[in-house]
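Peer 1: coordinates only, no sequence provided:
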C-alpha cells in the first residue's frame, strides 16, 4: 500500500502488506488495491497498481513474473534472483586479481558488485566506510590495465596487508546496471573510468580538482579503485566492477564500434595517458620546448608522447633498462642510459648543446635509483636530478608517485616519506614544482578525441599488449622485471586481441 493511501477500516494490517512479502507463493490475497475485495495480487511485484492481466491477477509495477516477461506461467522469479537486475544476470559470478603477499597476486573468486560500498572489514582502518551507491553503475569490464602504481603495492612498499584487496584502477567497461539516481548513463554504454573517484559535489570537484575529492575517502582527500588508503573501493582488475557517481565520472565513447577498434588506445584514458599528459602540462611543455622525462615505464612513455603532442622540439628520456630506452626511441625520443658514468647535465649537453632543459618531468616516483652502474635506491634521486638540470624559471612536473609511508625504504626517514632533497637549488633558480595525482577528468575527453582522430598512437608508444585475466600473475611478474610492455587485461575475451603469455 502506498504511504499516501490510508489503511481501510476493518482490514487486517498484515493482510494489507502481503504484496511486499517474499512469499514463495505465486499468488496472495491483498485488500489494499482499488480492485474488488480480496483481489489476487502477484507477490513478485514491488508496489501497488490497478492493472490486471487477462486472467484477473493484479500485477504491480516492477513485477518480475514470467507472465509479465511474455511467458504463460504465473510462477514468479525465484527469490534468489529478485535482487539481480536483468542486465546483471548473464553472470552472477565474478573474479578478480587479489594481492596476496609481496610479489604474489592471484586470480580469485570475488563478490559480484552491488550498488554499495562496505569496506568496514578492511584490515586498513583508515579506509573503512559503508555507503549506498544508487548514483553508481555496475560495469562488465572490457579492459583493465596493470599500472606501475599497482607494482608499488605488490612489491610490499605500502601499508597494504595481503589477502584482501582486489587490485586495479585502470578500467574500461560496458554498463550492465545503473542505480536509481543515475540519469544520463544507460545499460550498454561503453565507458572509460577515471582512476580517481570523484563525487562532483564537493568544493574540490567543483573547481576541477577531482584527484582530491573531499567526500569519497574517510581518511584524506582523494580516492581510487583498488588502492591502499584510498577509500576501500574495490578494484577493477576483475570481470565486473561498481563505479560510483556514474553520471559524473564515466566518459562514454560516442561510437561504440569505432571505440572497440581502438580499444588498445582508449583503455589508456583511465590513467597513464592523462597522467603523462598532466605531467607535461605541469612542467609547461609547449611548442619548441626542450624536455627531460625521467623514467621510460608506461607513464614516462605516455608523457614523452604527450610532449610530442604538445609540440616539444626535443624530448629526452632517461632510464636504466635498455629495452625501455629502445621503446622511447621508437617514436622519436632521444635517450640517456642513467647507469652509464657521467653527470646528467653533461649527457644532456651532448644531445642539445646545453646542460639544462626548459621542462623536467619525474615519472619514476619514490622507488628511484641513483645514477651510475652501482646506483642503489635513492628516493630523492630523480627530484634532485630535475632540480639540477632545470633552467632558471623552469618548471618541474611530478606525476611519479610519492607516499607518506614506505615500509620497504632503506632509511628510517624515507620510511616516513621524508626525503633528502636539494630544495635550495630549485629555490635559487626560481623553479616551480608541481605535484599530485592527475585529475583525469580534466583531460580524458580531449585526449579521447585525439585518439579517435588519429592525432596520436598512444598504444604503440607504450607498447600495449592485451592478455587474459588468468595471465595477470605472469603479467605482474614480467612487468616487475622491467619488460617494456603495458599489460592490458581482457577478462571476457571481447576485444579479439588477447595474446597468451608463455
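Peer 2: Sure thing, it's come through. All figures in this text were calculated on a predicted structure; none of them were measured in a lab.

Peer 1: in the stretch 301-450 of the chain, which segments are predicted with low confidence?
Peer 2: Residues of the stretch 301-450 of the chain meeting the criterion pLDDT under 70: 373-374.

Peer 1: and the helices in it?
Peer 2: All helices of the stretch 301-450 of the chain, identified by DSSP state H, counting those that start in this stretch, fall at 322-329, 344-352, 381-389, 412-415, 423-428, 444-452.

Peer 1: want to throw those into JSON lines with mean neighbour count and distance to residue 174?
Peer 2: (Glycine included, C-beta is placed from N, CA and C.) Below are the helices of the stretch 301-450 of the chain laid out as JSON lines (neighbours: other CB atoms under 10 Å; distance: least, CB to CB, whole Å):
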{"stretch": "helix 322-329", "mean neighbour count": "19", "distance to residue 174": "31"}
{"stretch": "helix 344-352", "mean neighbour count": "16", "distance to residue 174": "45"}
{"stretch": "helix 381-389", "mean neighbour count": "24", "distance to residue 174": "38"}
{"stretch": "helix 412-415", "mean neighbour count": "14", "distance to residue 174": "42"}
{"stretch": "helix 423-428", "mean neighbour count": "13", "distance to residue 174": "46"}
{"stretch": "helix 444-452", "mean neighbour count": "18", "distance to residue 174": "16"}
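
Peer 1: which one of these lies nearest to residue 307?
Peer 2: helix 322-329 (11.1 Å; CB to CB).

Peer 1: which secondary structure elements does the closest one contact?
Peer 2: Under the contact criterion of 3 or more CB pairs under 8 Å, 6 or more residues apart in numbering; DSSP states H and E, helix 322-329 touches helix 298-309, strand 314-319, strand 334-337.

Peer 1: most packed of the ones you listed?
Peer 2: helix 298-309 (a mean of 28; mean count of other CB atoms under 10 Å).

Peer 1: export the helices of the stretch 301-450 of the chain to JSON lines and tack on distance to residue 189?
Peer 2: Putting the helices of the stretch 301-450 of the chain into JSON lines (distance: least, CB to CB, whole Å) gives the following:
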{"stretch": "helix 322-329", "distance to residue 189": "33"}
{"stretch": "helix 344-352", "distance to residue 189": "46"}
{"stretch": "helix 381-389", "distance to residue 189": "39"}
{"stretch": "helix 412-415", "distance to residue 189": "44"}
{"stretch": "helix 423-428", "distance to residue 189": "45"}
{"stretch": "helix 444-452", "distance to residue 189": "14"}
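
Peer 1: of the ones you listed, give the one that comes closest to residue 149.
Peer 2: Nearest to residue 149 among the helices of the stretch 301-450 of the chain is helix 381-389; the distance by CB to CB comes to 15.8 Å.

Peer 1: packing partners of that closest one?
Peer 2: When contacts are defined as 3+ CB pairs under 8 Å, 6+ apart, helix 381-389 packs onto strand 290-294, helix 344-352, strand 357-362, strand 390-397, helix 423-428.

Peer 1: same thing but 6 Å
Peer 2: If you count contacts as 3 or more CB pairs under 6 Å, 6 or more residues apart in numbering; DSSP states H and E, helix 381-389 packs onto helix 344-352, strand 357-362.

Peer 1: out of these, nearest to residue 122?
Peer 2: strand 357-362 (30.5 Å).

Peer 1: note down every partner strand of that closest one and its orientation.
Peer 2: strand 290-294 (parallel), strand 390-397 (parallel) (DSSP bridges).
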